[in-house]
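S.K.: please work out how this folds:
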Amino acid sequence: MAPARKRKITVVMPALHDGQAEVLDALNHHRFIVAAMSRRYGKTFMGGWKVTESALLTGGKYFWLAPSYKRAQEGFDLIDSFVREIPGQRTFIHDKRFVLPNGGTIQIGTTRDPHEMRGKGLDGVVLDEAAYMTPETWTDVVRPTLLIDQGWAMLLSTPWGLNWFYEEFRKGESDDPVFADWAAMRRTIYDNPMLTPDQIEQERLTTPPHVWLVEYMAEFHDQAGAVFNNPGAVMNAPMAVRPRDVEGDVLVGGLDWGRVEDYTVFSIIDATTKRGVYTERFQDTAWKVQRARILEIYNYWKPSVIWAEANAAGSPNIEALAETGMKIKPFQMTPKSKRIIIESLALAVADKEISLQNIPARYDEYLAFQQSVSADGRVKYGAPLHGHDDVVIADALAWYGVDHAFDNSVSLRNYSGLYRSRDRRGKLARRDYGVNRRRANLQRRGVR
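M.R.: The predicted structure follows:
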């Protein structure tokens with residue numbers, strides 16, 4: 001009986017752009033590719049494409065590793081779109097694993113559980129956003145899996161300081177024959193054929209320098225965590241300013257709450273001239289006393305609006321101040337919203353669009369303010385350990401107000417906040433029905 005003929009399957013993979021194809025071609029000459037790439041270059045697409053093509057051609061075992069579950073899910077969805085129509089392929093959703101008809105396998109994983117790779121021999125691995133992983137992930141877990149079969153690895157990432165990813169990049173640049181298996185490649189936003197020069201220029205003009213150099217120019221910097229570029233250059237606003245000096249101008253305020261360890265800071269900026277006119281900073285004061293002082297400042301300067309942090313104790317304090325007739329808007333501080341206002345302020349500082357008063361704490365806070373990356377690859381903004389960022393946050397909230405001061409789409413009547421209408425007794429009604437509950441919880445903890 002003649003052996004059964006194997007059925008040939010044709011799989012059409014999506015096209016790569018020329019820059020991506022050039023990076024993948026380097027694997028024909030080197031085992032380890034270390035590629036520092038700009039944002040939006042298509043790193044995830046390229047890595048997913050490579051492990052899929054390799055598993056289809058060789059029937060080998062491949063791993064795609066990400067620094068977070070969210071990014072791992074993105075990789076899983078991408079590879080699923082490549083293989084889902086292949087007859088006979090099997091997808092294991094819970095394990096995030098694909099088994100192809102030729103026996104090839106693709107496993108998706110994260111740096112939270114990289115040790116599941118231990119003991120496995122692999123033919124190839126992609127580390128997506130490798131700079132945000134720990135060095136042990138590469139040296140102790142991933143690389144040993146490639147030893148027996150002399151598998152390949154692609155380390156793809158935007159840079160993050162001079163960490164282990166930078167050291168591996170340096171190996172690829174070296175002429176030392178010991179590192180002949182390494183190749184280093186750097187691709188900036190200008191190397192992306194999918195973007196026009198006008199699109200790139202628009203992105204450059206609206207991006208803070210510290211973000212542009214790392215995220216778009218793929219440059220390695222030992223000060224990758226610094227956020228504000230030369231902040232002292234904008235701390236030149238006049239100190240002795242009075243309300244009559246800015247009469248007719250639009251003033252906006254930013255309010256960041258603190259009590260014991262942190263400070264409450266009230267920053268007021270003239271939206272017309274984009275100059276800071278007043279900053280108040282105090283600590284270890286009862287909430288009732290703080291509200292009285294804030295109301296006093298408000299009545300003296302009469303800003304058109306105040307944007308106030310609404311987290312934790314902020315909500316009941318905002319509610320109490322709103323009931324006095326103060327024009328105050330709550331700002332819910334999340335990692336995403338914080339990033340938006342900080343990067344907007346950083347861009348204003350870099351372009352010298354803003355001018356601030358040089359009070360004692362401001363320069364120190366701006367200089368120390370940094371961005372960091374958590375274990376799962378999330379970017380965080382804030383002060384270093386045991387430091388303060390209250391002035392920075394208050395300024396960022398005020399600057400957010402400057403950005404919207406002449407925007408009719410953001411008004412006291414239609415903003416998405418806690419207080420939108422008045423009840424029958426003329427008091428401001430709360431749309432957020434959790435305010436009372438949160439306030440009661442704060443009072444039980446001694447917040448008044």
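
S.K.: neighbours of Met13, how many?
M.R.: Each residue near Met13 was counted by other Cβ atoms under 10 Å, and the total is 11. C-beta: built from backbone N, CA, C; applies to glycine.

S.K.: cool, the one 4 residues further on as well?
M.R.: Using other Cβ under 10 Å, His17 is surrounded by 15 other residues.

S.K.: using the three-state scheme, assign the nearest residue to it once chain neighbours are set aside.
M.R.: Using Cβ to Cβ, 6 or more residues apart in numbering and skipping the chain neighbours, the partner closest in space to His17 is Pro193 (5.1 Å). Following DSSP: H, G, I helix; E, B strand; the rest coil, we place Pro193 in the coil state.

S.K.: Pro193 contacts Gln20, doesn't it?
M.R.: No: applying Cβ atoms under 8 Å as the test, Pro193 and Gln20 come out as separate, 9.4 Å apart.

S.K.: of these two, who's got more company?
M.R.: Between Pro193 and Gln20, counted using other Cβ under 10 Å, the more crowded position is Gln20 (24 against 9).

S.K.: for the host helix or strand of the more buried one, packing partners?
M.R.: Gln20 is located in helix 18-25, with elements delineated by DSSP states H and E. Helix 18-25 sits against helix 43-58, strand 182-187, with contacts defined as 3 or more Cβ pairs under 8 Å, 6 or more residues apart in numbering; DSSP states H and E.

S.K.: re the thing from before, who touches the residue nearest to His17 in this structure?
M.R.: 17-19 (Cβ atoms under 8 Å, 6 or more residues apart in numbering).

S.K.: what does Asn230 show for phi and psi?
M.R.: phi 50, psi 60 (degrees, to the nearest 10).

S.K.: from Val142, how far off is it?
M.R.: Using Cβ to Cβ, to the nearest Å, we find Asn230 at a distance of 40 Å from Val142.

S.K.: please say which of the two ends up with more neighbours.
M.R.: Regarding Asn230 and Val142, a neighbour count based on other Cβ under 10 Å identifies Val142 as having more, with 25 against 12.

S.K.: the closest residue to the more buried one other than its chain neighbours: what secondary structure?
M.R.: Excluding the flanking residues, the one nearest Val142 by Cβ to Cβ, 6+ apart is Val125, at 5.5 Å. Assigned by three-state DSSP, the conformation of Val125 is strand.

S.K.: what's the separation between Val125 and Arg143?
M.R.: Relative to Arg143, and taking Cβ to Cβ, Val125 is found at 9 Å.

S.K.: so for those two, which sits in the more crowded spot?
M.R.: Val125 (27 against 14).

S.K.: so what's the more buried one bridging to?
M.R.: Phe63, Ala153 (DSSP bridges).

S.K.: the closest residue to Arg187 other than its chain neighbours - how many residues pack around it?
M.R.: Among residues not flanking Arg187 along the chain, Met37 sits closest, at 4.7 Å (Cβ to Cβ, 6+ apart). Residues within reach of Met37, counting by other Cβ under 10 Å, total 26.

S.K.: so who does Met37 touch?
M.R.: Met37 makes contact with 43, 156-158, 186-187, 218 under the criterion Cβ under 8 Å, 6+ apart.

S.K.: any chance you could map the helices in the stretch 151-300 of the chain?
M.R.: With helices called from DSSP state H, counting those that start in this stretch, the stretch 151-300 of the chain shows them at 164-173, 197-205, 209-211, 287-301.

S.K.: and those, which one is worst for confidence?
M.R.: Ranked by mean pLDDT, the helices of the stretch 151-300 of the chain end with helix 209-211 in last place, scoring a mean of 80.

S.K.: ok, and what's touching that helix?
M.R.: In contact with helix 209-211 (Cβ under 8 Å, 6+ apart) are residues 224, 226-229, 343, 346, 350, 371.

S.K.: kindly report the same for stretch 341-357.
M.R.: With Cβ under 8 Å, 6+ apart, stretch 341-357 has contacts from 206-211, 227-231, 233-239, 269, 273-279, 331, 362, 366, 369, 381, 392, 395-397, 399-400, 402-403.

S.K.: equivalent analysis for stretch 268-277, please.
M.R.: 237-238, 241, 245-246, 248-254, 267, 278-279, 297, 301, 303-304, 348, 353-357, 395, 398-399, 401-402, 405-406.

S.K.: now do stretch 13-25
M.R.: 33, 35, 41-42, 45-46, 49-50, 52-53, 82, 185, 187, 191-194.

S.K.: what comes up buried for that stretch?
M.R.: 16, 19-20, 23-24 (16 or more other Cβ atoms under 10 Å).

S.K.: excluding covalently adjacent residues, which one is nearest to Ser38?
M.R.: Nearest non-adjacent residue to Ser38, counting by Cβ to Cβ, 6+ apart: Ile189, 4.3 Å away.

S.K.: from what I can see that neighbour touches Ile200, true?
M.R.: Yes: when contacts are counted by Cβ under 8 Å, Ile189 is listed as touching Ile200 (5.6 Å).

S.K.: neighbour count winner among these two?
M.R.: The neighbour count for Ile189 versus Ile200, taken as other Cβ under 10 Å, is higher for Ile189 (21 against 16).

S.K.: so what pairs up with the residue positioned nearest the centre of the chain in the strands?
M.R.: What sits nearest the mean C-alpha location of the chain, by Cα atoms, centre = their mean, is Val379, with 4.2 Å. Note on Val379: beta-bridge partners by DSSP bridges are Val373.

S.K.: check for me that Asp148 belongs to a helix.
M.R.: Rather than Asp, residue 148 is Ile. No: Ile148: not assigned to a helix; according to three-state DSSP it is coil.
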